[in-house]
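Chemist: The amino acid sequence is not available; the structure is as follows:
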């Protein structure tokens, strides 16, 4: 599980670095939604995040090397978030809470 998160983090970081390199001269930004993961990969990532969050509190050293996985998950949840009278954090919690 930890290895998958670190490898996914590194893959996302490479995508962001490449995008930033291509856009730097133009002064354009890179957005977290440009992570390059497919829908299936996102679903797979969420399963690993659930397991990791159940085993490792957010203050754990694991997250220092795989924080991009959390940010990408939150970004993807944000796209489904309806807003307008609802709270984002419970929606994110549902996406990352371990399944029972």
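Modeler: Done, it's in. Bear in mind that the values here come from a model prediction, so they are computed numbers and not experimental data.

Chemist: Residue 23 - how many residues pack around it?
Modeler: If you count neighbours by other Cβ atoms under 10 Å, residue 23 ends up with 12. To be clear about C-beta, it is placed using only N, CA and C from the backbone, and glycine gets the same treatment.

Chemist: any residues touching the helix or strand hosting residue 49, and which ones?
Modeler: Taking DSSP states H and E as the definition, residue 49 sits inside helix 39-55. Residues outside helix 39-55 that contact it (Cβ atoms under 8 Å, 6 or more residues apart in numbering) are 1-2, 4-5, 8, 37, 62, 66, 69-70, 72-73, 76, 95-99.

Chemist: contacting residues around the residue nearest to residue 92 when sequence neighbours are not counted?
Modeler: Spatial nearest neighbour of residue 92, chain neighbours left out: residue 77 (4.9 Å); criterion: Cβ to Cβ, 6 or more residues apart in numbering. Contact analysis of residue 77 by Cβ under 8 Å, 6+ apart lists 88, 91, 92, 95.

Chemist: Okay, residue 77 and residue 3: tell me how far apart.
Modeler: Using Cβ to Cβ, to the nearest Å, residue 77 is found at 24 Å from residue 3.

Chemist: Leaving out chain neighbours, which residue sits closest to the residue nearest in space to the middle of the chain?
Modeler: Nearest to the geometric centre of the chain sits residue 72, at 2.3 Å (Cα atoms, centre = their mean). Counting by Cβ to Cβ, 6+ apart, the nearest residue to residue 72 once its immediate chain neighbours are dropped is residue 35, at 4.7 Å.

Chemist: you'd agree the one you found is up against residue 13?
Modeler: No. Residue 35 is beyond contact range of residue 13, at 9.8 Å (criterion: Cβ atoms under 8 Å).

Chemist: who touches the longest helix seen in the chain?
Modeler: Secondary structure assigned by DSSP state H gives helix 2-23 as the longest helix of the chain. Residues outside helix 2-23 that contact it (Cβ under 8 Å, 6+ apart) are 29-30, 34-37, 41, 45, 48-49, 52, 62, 65-69, 72.
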